[in-house]
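**Student:** have a look at this prediction, sequence included:
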Amino acid sequence: MKIAITSTGNTPESSLDSRFGRCSYFVIYDTELKSTEYIPNPNKESLEGAGIASAKFVASRGVEKVVSGEFGFKVKELFDSLKIELIIIKEEKKPVTEIIGLLNKNL
Amino acid sequence: MPRPKLIRKVSNFPHFKGFRPIGNEKSDHTIVLNFEEYEAIRLSDYEMLGQHCASIEMGVSRSTYARIYESARRKIAEAFILGEPLVFEGGKVYLDSEWYRCHTCKCIFNFHHQGKAERCSLCGSKEIDEYAREIDEYAQKPDECSQGERRHRHSGGRKNLNHRL
């Protein structure tokens, strides 16, 4: 299963980005291959519709869960209709490695 | 021009497409049961909610709910009596999922599958409970609903409409 995590940087130590649409990087973690992929968000600087565009972008990667700090209502509706689970982490500055650690513990 | 329909909230979509009668396979006419009608049957006859509570659950007024429910029953009766296939399709609905909070990793997550979530989807802990929906302030839990809260919900419904149009 693939899981997208919004990140502020492209290293494992960088922390979770609390915004979904305009986050700096998406970390795509594959729980089977244990691989991580860092993709810069193409919608980081966009003025409008960043949430929907980012949601489509991560959905096209075939993720089943998305981890971020917050989701807008348009994004939530889109993910609901695509049956992609959302996980909200309110703690700021939580490193991506820690989230991946939690996901591994889940298996 | 009639007033536009309020978008109905459906929390459980059917996980199959419909029903076909046994022994009457060649029927070419199908009856379309909208998702909101399916949800009405689920709330009233499966979850055994009263109409008022069920209407709150779907985010519509009680009288609208009664109309949806009646239409659902008529369609089901028609399918049964005439032996016609029934398919679940369409309707003015949006999917809403239940939110949960995990006590172990302090995350909030939602769940799309049938029934209730048992484990946190992030850390797998079983220490979870349902999260009070701050996002949907108009959606009250059915066990909290009472006649006194009716006016409040009505204003919420209207706000919801403006929000979505």
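**Tutor:** On my side now, so go ahead.
**Student:** skipping adjacent residues, who's closest to residue A:53 in space?
**Tutor:** The spatial neighbour of residue A:53 that comes closest, neighbours along the chain excluded (CB to CB, 6 or more residues apart in numbering or on different chains), is residue A:43 at 4.5 Å. Bear in mind the C-beta positions are built from the backbone N, C-alpha and C, glycine included.
**Student:** doesn't residue A:23 make contact with that neighbour?
**Tutor:** No. The pair residue A:43 and residue A:23 fails to qualify as a contact (CB atoms under 8 Å) at a distance of 9.1 Å.
**Student:** picking that back up, so what's the residue nearest to residue A:53 up against?
**Tutor:** By CB atoms under 8 Å, 6 or more residues apart in numbering or on different chains, the contact list for residue A:43 reads A:21-22, A:49-50, A:53-54, A:57.
**Student:** drop anything exposed from those.
**Tutor:** A:21, A:50, A:54 (16 or more other CB atoms under 10 Å in any protein chain shown).
**Student:** so how far is chain A from the closest residue to residue B:8 other than its chain neighbours?
**Tutor:** Spatial nearest neighbour of residue B:8, chain neighbours left out: residue B:36 (4.3 Å); criterion: CB to CB, 6+ apart. Note on residue B:36: its distance to chain A, by CB to the nearest CB, to the nearest Å, is 15 Å.
**Student:** count of residues packed around the residue in chain B that chain A sits nearest to?
**Tutor:** Proximity of chain B to chain A (CB to the nearest CB) peaks at residue B:124, 3.6 Å away. The tally of other residues near residue B:124 (other CB atoms under 10 Å in any protein chain shown) stands at 16.
**Student:** could you do residue A:40 as well?
**Tutor:** Neighbours around residue A:40, by other CB under 10 Å: 10.
**Student:** got the contact list for it?
**Tutor:** Residues counted as contacts of residue A:40 (CB under 8 Å, 6+ apart) are A:10, A:24-25.
**Student:** can we see that at 7 Å?
**Tutor:** residue A:25 (CB atoms under 7 Å, 6 or more residues apart in numbering or on different chains).
**Student:** in contact with residue 102, which residues?
**Tutor:** I went with chain A, as the question did not name one. B:105, B:122-123.
**Student:** oops, chain B please
**Tutor:** Residue B:102 is in contact with B:109, B:120, B:122-123, B:125, B:127-128, counting by CB under 7 Å, 6+ apart.
**Student:** again, only using 6 Å
**Tutor:** The neighbourhood of residue B:102, defined by CB atoms under 6 Å, 6 or more residues apart in numbering or on different chains, consists of B:120, B:125, B:128.
**Student:** and residue A:56, how close does it get to chain B?
**Tutor:** For residue A:56, the distance to chain B - CB to the nearest CB - is 17 Å.
**Student:** list the contacts for the spatially most central residue of chain B?
**Tutor:** The residue lying closest to the centre of chain B (CA atoms, centre = their mean) is residue B:10, at 2.9 Å. The contact partners of residue B:10, by CB under 6 Å, 6+ apart, come to B:35, B:39, B:93, B:95.
**Student:** how deep is the last one tucked in, by neighbour count?
**Tutor:** The one in question is residue B:95. As a burial measure, residue B:95 scores 18 neighbours (other CB under 10 Å).
**Student:** bridging residues for it?
**Tutor:** residue B:10 (DSSP bridges).
**Student:** ok, residue B:32 - how many residues close by?
**Tutor:** By the measure other CB under 10 Å, the count of residues near residue B:32 is 14.
**Student:** quick check on it: phi, psi?
**Tutor:** For residue B:32, the backbone dihedrals (degrees, to the nearest 10) come out as phi -100, psi 120.
**Student:** any idea how far it is from residue B:89?
**Tutor:** Distance of residue B:32 to residue B:89, computed by CB to CB, to the nearest Å: 5 Å.
**Student:** residue ranges in the chain under the pLDDT threshold?
**Tutor:** If you meant another chain, say so; for now it's chain A. A:107 (pLDDT under 70).
**Student:** oops, I was thinking of chain B
**Tutor:** Along chain B, segments meeting pLDDT under 70 span B:96, B:113-116, B:131-165.
**Student:** mind giving me the packing neighbours of the longest helix seen in it?
**Tutor:** Using DSSP state H, we find that the single longest helix of chain B is helix B:62-82. For helix B:62-82, the elements it packs on are strand B:31-33, helix B:35-41, helix B:51-58, judged by 3 or more CB pairs under 6 Å, 6 or more residues apart in numbering or on different chains; DSSP states H and E.
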